[in-house]
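Undergrad: Please find the sequence and the predicted model below.
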Amino acid sequence: MSKGIWISTLTCLVLVGLGGGGAYMIHRTAENQLTGQPLLAVQAPLKTTTETIKTQPVKTRKAIIDDSQKLVVTIESGTGLGSGFLYNDQGDLLTNAHVVAGSSQVTIRTLNHEEYKGKVIGIGTDTDIAVVRVQELKKLKPLPLAEGYKAAVGDEILALGSPLGLENTVTTGIISGLGRSFDIDPYTYSNLYQISAPITHGNSGGPLVSAETGEVLGINSASVTEESGFGFSIPIASILQQAREWSKTPMSKLPDVAGTNDYGTDHDGVIVDERDIVSFFYQCLNNGDYVTAYSLLGSEWQGGTSYEKFREGYLNTGYITLGRPSLEKQADSTLVKVDITAEERRKSGTIYQNYRVSYTVGYENGEMKILHGKGKKF
């Protein structure tokens, strides 16, 4: 074998040795870096969808109530007391038409007992909704609205408002029925939610709120009787378009809506039965019409109490809210019993006092009169 061949052979062996040694070192280094795991193990496992989504904190029911109450108001008008809630950032409140019927301006009272004047900028003649604008509430963040809500029986709800004048009241329940419809002149109510949360006089116009999300589902609008234990709410989605049209273009002239109070006495004070004269009596007191209220009393009552003394007795009384009157027929008269809540202004502040009153109603010279009355605190 020639010298050149030997040199070539030795050179190849050296290169093979160096290559093998290099490969061995790379292999050992890689093993040390991988800590004994297969090479593919260095790739981070893909995160599942649930891991990549950040869970949103769920609001507690107490937090929902606290946040909602700040945007729910009490509304006082010439026809009575009701509720409303802020639904946009223009200072506009949604309420029932029957709460503000006959009034172009109303008094608004907030959670903090701040009072403002509100202007009725839209009111329905067939649908029981209205919009009231309060400039001082402009730019406040409104209650969230569940525009795409699909109601189901069993959904948990909260009803907020001022039942019987008891402001900032919350009742709980569920949606207990769907698609309820009926007429209460002059309004037509259709596709209502039936709710198990107790509502009564003063709740009208308040929001029906989801107990899970805090969104407004509807407007509490009607109850059957206090004994029934359920009420009805207009779905928010069914009236939003109309409300937004009024907010965009307020009515230049309000229509004449023949609203009624909760007890069957219309604006003209037409008396149908003995309960109505008692309801009309309190309606006059709430309107500051003490002359008419005094004229409803019988001669014996008037003989023992002058008009001046009668009027003086109510000067420190604010709004009086009635429950549902009951009748008890007697030989020549009728006993009307009713629970009331009176707003009483005292040196220590305003309180709400409950009374259980009864009136003897009969006829004098062919006219129905309130002959006698008595009451007690409870």
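TA: Received, thanks.
Undergrad: Check which helix or strand the closest residue to Pro198 other than its chain neighbours maps to.
TA: Counting by C-beta to C-beta, 6 or more residues apart in numbering, Pro198 lies nearest to Thr171, which is 5.0 Å off, once chain neighbours are set aside. C-beta here means a position set from N, CA and C on the backbone, and glycine is covered the same way. Of the helices and strands defined by DSSP states H and E, Thr171 is found in strand 169-184.
Undergrad: Check which helices and strands that strand sits against.
TA: Counting contacts by 3 or more C-beta pairs under 8 Å, 6 or more residues apart in numbering; DSSP states H and E, strand 169-184 packs against strand 156-161, strand 187-195.
Undergrad: Now for Met251: which residues touch it?
TA: Ile121, Gly122, Ile123 (C-beta atoms under 8 Å, 6 or more residues apart in numbering).
Undergrad: Tell me the most packed of these, by neighbour count.
TA: Ile123 (28 neighbours; other C-beta atoms under 10 Å).
Undergrad: Let's see the pLDDT reported for the residue nearest to that residue when sequence neighbours are not counted.
TA: In space, and not counting its chain neighbours, Ile123 is closest to Ala130: 4.2 Å by C-beta to C-beta, 6+ apart. You'll see Ala130 listed with a pLDDT of 96.
Undergrad: Remind me what the host helix or strand of Trp246 packs against, helices and strands.
TA: With secondary structure defined by DSSP H and E, Trp246 is part of helix 240-248. Here helix 240-248 touches strand 92-95, strand 115-123, strand 130-133, going by 3+ C-beta pairs under 8 Å, 6+ apart.
Undergrad: quick one, what contacts the residue nearest to Ile123?
TA: Contacts of Ala130 (C-beta under 8 Å, 6+ apart): Leu94, Thr95, Asn96, Ala97, Val99, Val100, Val120, Gly122, Ile123, Gly124, Gly205.
Undergrad: For Leu296, state which of these is nearest.
TA: Val99 (24.6 Å; C-beta to C-beta).
Undergrad: ok but that closest one is inside a helix, no?
TA: Yes - Val99: assigned to a helix according to DSSP: H, G, I helix; E, B strand; the rest coil.
Undergrad: Near it, how many residues? Count them for me, please.
TA: Going by other C-beta under 10 Å, the residues that sit close to Val99 add up to 29.
Undergrad: on that earlier part again, now, which of the contacts of Ala130 sits nearest Lys141?
TA: Leu94 (15.2 Å).
Undergrad: residues contacting the nearest residue to the closest one once chain neighbours are set aside?
TA: Nearest non-adjacent residue to Leu94, counting by C-beta to C-beta, 6+ apart: Tyr87, 4.6 Å away. Residues in contact with Tyr87, defined by C-beta under 8 Å, 6+ apart, are Leu93, Leu94, Pro142, Leu143, Leu145, Val216, Ala243.
Undergrad: gap between Gly298 and Asn220?
TA: To Asn220, Gly298 is 38 Å away according to C-beta to C-beta, to the nearest Å.
Undergrad: Who has more neighbours out of those two?
TA: Counted by other C-beta under 10 Å, Gly298 and Asn220 do not tie: Asn220 has more neighbours, with 29 against 19.
Undergrad: what residues are up against that one?
TA: 83, 159, 161, 195, 199, 203-208, 231-233.
Undergrad: picking up where we left off before, export the helices and strands packed on helix 240-248 as a markdown table, with columns for distance to Arg180.
TA: Below are these laid out as a markdown table (distance: least, C-beta to C-beta, whole Å):
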| stretch | distance to Arg180 |
| --- | --- |
| strand 92-95 | 20 |
| strand 115-123 | 23 |
| strand 130-133 | 21 |
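Undergrad: since we're on His372, how many residues are nearby?
TA: Neighbours of His372 (other C-beta under 10 Å): 15.
Undergrad: Could you look up the SS state of it?
TA: strand.
Undergrad: Name the nearest residue to it, sequence neighbours excluded.
TA: If the residues on either side of it in the chain are set aside, His372 comes closest to Thr360, at 4.4 Å by C-beta to C-beta, 6+ apart.
Undergrad: Quick one: residues contacting the nearest residue to Thr200 once chain neighbours are set aside.
TA: Spatial nearest neighbour of Thr200, excluding adjacent residues (C-beta to C-beta, 6+ apart): Pro163 at 4.6 Å. Pro163 makes contact with Thr169, Thr171, Pro198, Ile199, Thr200, His201, Gly202, Asn203, according to C-beta under 8 Å, 6+ apart.
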